[in-house]
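Novice: Build the 3D model from these lines:
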Amino acid sequence: MPVRPNAYTYNPLIHTLCQRGLVRDALEVLDEMLCRGCAPDVVTYNILLEATCKMRGYRQAMELIDLMRAEGCTPNNVTYNVIIDGMCGEGDVDDALELLRNLPSYGCRPNTVNYNTALKGLCSVERWKDADELLAEMVREDCLPNEATFNVILNSLCRKGMLQQAIQLLEKMSKHGCTANILTYNAIINSLCEQRNVDGALELLSNMESYGCKPDIVTYNTLLKGLCSAARWVDAEELMDRMTQNDCLPDNVTFNTLISFLCQKGLMVDAIEVFKQMPDKGCSPNSITYSTIISGLVKASKLDQALELFNEMGHKGFNPDKIYQLLSECLNEEDKIEEAIQTVRKLQDTGISPHTVLYNAILRGLSRNGKTEFAIDIMAYMVSSGCMPDDLTYFILIEGLAYEGYLNEARELLNNLCSRDVLVNSLIKSETLLLDQNIHAS
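Specialist: Okay, the predicted model is just below:
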C-alpha cells in the first residue's frame, strides 16, 4: 500500500521553496496539505513564518499563527522568536518586548534565545539602559544569560565605538558564570585598533591569555593591522614572533597586511624582505601579495624589480590581467611614457606578450602629450607583435588626432573603422559627437 504523505514529507519541499523566495508557492503547498487532511506540524509553520516575515513583514506572519492555532498546532519558542525578530527588524522593539513578556500567557516560557533576540533589537536602536534592565530581568526570571547574550550587547557596543562600556560588561560576564570567548575578545580588540588604541588592544591580548582564552589568527591579524597603521614596525615584528611561539602560524593575511602597509609608506626594502621570508614561514605568496608588492615597486620607480616579480608571477600561473591594469595605471603619467615603452620591451625580453591594457595606457599617455603620431607607430608595433587593439585603442587614437587638430585624419580613421565593422555603435556615436564638437570649435 502507498504511504500517505505527512508533514515530515512536505517540510523539505516547503523549506526549499522558501529558500528560493517562492513563498507564495510554499503557502500553496500548505493549502494542499490542509485540503488533503495532512496536518502541518510546528516545523512547517515555523519555516513559513520565517519566510513570510522576511518577504512580507511580521504582520502578515501573525496571520499564519492564527491559522496555526486554529488547526490545533501550538506555537513554540521558535515560532515566537521569529515574530520577535521580525518586530525588531522593522523597528517595533516595544511590540517585541510586549510579546516577549506575554509569552507565559500563551503557555510558552521565554528562553535565552528569545531574550537574546529582544536584546539585539534594543541594541540596534541604542537603548542601552533598556538592554541592561532586560538583562537583569533575565536573571530575575531564572533565565540565565549565556555567552551569546553578552556577545549581542558587546558587539553592538563595539560597533558604536562605546569601548569603555564594552570592557565594563566584559568584566561582568564572570559574575554571571559566563566566560568571554574568542569572538568577544576579537570584537573588542578590533574596535580598540580602529580607535587607534593599540596599547589597549595589546593589554587585552595579555588579559585574554591570562584568562585561558587562546588568541587565534584573527586576533593577531587584527592587532598587526593596528600596529602597522601606527607605523610600529618593531612591535609588529615582535607580534609575529609571538604568534609563532603560541603555535599560531602567520597566514597570507598576516604577510599581506604587513607588506601592504610597508609599501604604502614607501619602505620597499623592508617589504621585499618580508616577501622573501614567506616561504621560510610556511606561507606562499598569493596573487594579492604579488599585486601589492609590484604596485609598490612601480610607484617607487623600481621597474626592473617589478618586472622580475611580474615574470615570476606569470610562471607560477597567476592571472596577470590585474597586474597589467596596475602597470598601466602606474605608468600612465606624463613623465613615465618612456618607462612604459621600456616596460613593453622588457616584458618581451622575458618572453611575455604585453596585454592590450598596457599598450592602451602607453597610447593614452602619448596622445595626451601631443604625440599621437608616435602613438600610431606604437599601435603598428603592437599589431606586429601579435597584440590586437580593442575599441578603447581606437578611441584613444581618434581622440588624440582630434585634439591635435588632425580632424580629417580622425574622421578618415573613424569612417574606415566603421566600414570594417570594427567599432560598436555606442563608440561610433560618441566619436562622431567628439569630432563634430572639435570641428565647430575650430
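
Novice: where exactly do the helices run in the stretch 251-400 of the chain?
Specialist: 252-264, 268-277, 287-299, 303-315, 321-331, 337-349, 356-368, 372-384, 391-403 (DSSP state H, counting those that start in this stretch).

Novice: export the ones you listed to TSV and tack on mean neighbour count?
Specialist: Placement of C-beta: from N, CA and C, glycine included. Shown next, in TSV, are those (neighbours: other Cβ atoms under 10 Å):
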stretch	mean neighbour count
helix 252-264	22
helix 268-277	17
helix 287-299	21
helix 303-315	18
helix 321-331	20
helix 337-349	17
helix 356-368	23
helix 372-384	16
helix 391-403	21
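
Novice: Those helices: which one's closest to residue 96?
Specialist: Between residue 96 and the helices of the stretch 251-400 of the chain, the shortest separation by Cβ to Cβ is 38.1 Å, and it involves helix 252-264.

Novice: tell me the mean pLDDT for that closest one?
Specialist: What helix 252-264 shows for mean pLDDT is 94.

Novice: tell me the angle of it relative to helix 268-277?
Specialist: 160 degrees (axes from the mean of the first three to the mean of the last three Cα atoms, to 10 degrees).

Novice: Show me what helix 252-264 is packed against.
Specialist: Of the remaining helices and strands, those touching helix 252-264 by 3 or more Cβ pairs under 8 Å, 6 or more residues apart in numbering; DSSP states H and E are helix 217-229, helix 233-245, helix 268-277, helix 287-299.

Novice: Just the CA coordinates for that helix, please, in CSV.
Specialist: Only the C-alpha atoms of helix 252-264 are listed here, as CSV (Å, rounded to 0.1, in the frame of the first residue of the first chain):
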residue,chain,number,x,y,z
ASN,A,252,48.7,35.1,3.8
VAL,A,253,46.5,37.8,5.5
THR,A,254,49.3,38.4,8.1
PHE,A,255,52.0,38.9,5.5
ASN,A,256,49.8,40.8,3.0
THR,A,257,48.8,43.2,5.8
LEU,A,258,52.4,43.9,6.7
ILE,A,259,53.6,44.1,3.1
SER,A,260,50.7,46.5,2.2
PHE,A,261,51.5,49.0,4.9
LEU,A,262,55.2,48.9,4.2
CYS,A,263,54.5,49.6,0.5
GLN,A,264,52.2,52.4,1.4
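
Novice: distance between it and the chain's centre?
Specialist: Distance of helix 252-264 from the chain centroid (Cα atoms, centre = their mean, to the nearest Å) equals 18 Å.

Novice: contact partners of that helix?
Specialist: 217, 220-221, 224-225, 228-229, 231, 233, 236, 240, 243, 268, 270-271, 274-275, 278, 281, 283-286, 288-289, 292-293, 295-296, 299 (Cβ atoms under 8 Å, 6 or more residues apart in numbering).

Novice: Would you mind confirming that residue 156 is in contact with residue 121?
Specialist: No - taking Cβ atoms under 8 Å as the definition, residue 156 is not a contact partner of residue 121, at 10.3 Å.

Novice: Specify which residue of those two has the higher count of neighbours.
Specialist: residue 121 (28 against 21; other Cβ atoms under 10 Å).

Novice: Mind putting the helices and strands packed on helix 252-264 into a markdown table with distance to residue 188 and mean pLDDT?
Specialist: Formatted as a markdown table, these follow (distance: least, Cβ to Cβ, whole Å; pLDDT from 0 to 100):
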| stretch | distance to residue 188 | mean pLDDT |
| --- | --- | --- |
| helix 217-229 | 10 | 95 |
| helix 233-245 | 17 | 91 |
| helix 268-277 | 28 | 93 |
| helix 287-299 | 27 | 87 |
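
Novice: got a list of what residue 157 touches?
Specialist: 123, 128, 163, 165, 166, 169.

Novice: contacting residues around the last one?
Specialist: So that's residue 169. By Cβ under 8 Å, 6+ apart, the contact set of residue 169 is 150, 153, 154, 157.

Novice: can you pull the pLDDT of the last one?
Specialist: With respect to pLDDT, residue 157 scores 87.

Novice: any idea how far residue 197 is from it?
Specialist: 15 Å (Cβ to Cβ, to the nearest Å).

Novice: thinking again about what came up before, of the contacts of residue 157, which pair is most distant in space?
Specialist: 123 and 163 (14.9 Å).

Novice: picking that back up, now the helices and strands packed on helix 252-264 in CSV, with distance to residue 144?
Specialist: Converted to CSV, these look like this (distance: least, Cβ to Cβ, whole Å):
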stretch, distance to residue 144
helix 217-229, 28
helix 233-245, 36
helix 268-277, 48
helix 287-299, 45
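
Novice: What pLDDT is listed against the closest residue to residue 178 other than its chain neighbours?
Specialist: Spatial nearest neighbour of residue 178, excluding adjacent residues (Cβ to Cβ, 6 or more residues apart in numbering): residue 147 at 5.3 Å. For residue 147, the model assigns a pLDDT of 87.

Novice: Contacts only, for residue 147.
Specialist: For residue 147, the contacting residues are 173, 178, 179, 180, 181, 184, by Cβ under 8 Å, 6+ apart.

Novice: between those residues, which is nearest residue 47?
Specialist: Once Cβ to Cβ is applied, the member of the contacts of residue 147 that ends up nearest residue 47 is residue 181, at 30.0 Å.

Novice: Quick check: that closest one touching residue 213?
Specialist: Yes - checked against Cβ under 8 Å, the pair residue 181 and residue 213 is within contact range at 6.8 Å.

Novice: picking up where we left off before, return a PyMOL selection command for the buried portion of the contacts of residue 169.
Specialist: Only the buried entries of those go into this PyMOL selection, using 16 or more other Cβ atoms under 10 Å:
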select buried, resi 150+153+154+157
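
Novice: do you know which of the helices and strands packed on helix 252-264 lies nearest residue 114?
Specialist: The minimum distance between residue 114 and the helices and strands packed on helix 252-264 falls on helix 217-229, with 29.6 Å, by Cβ to Cβ.
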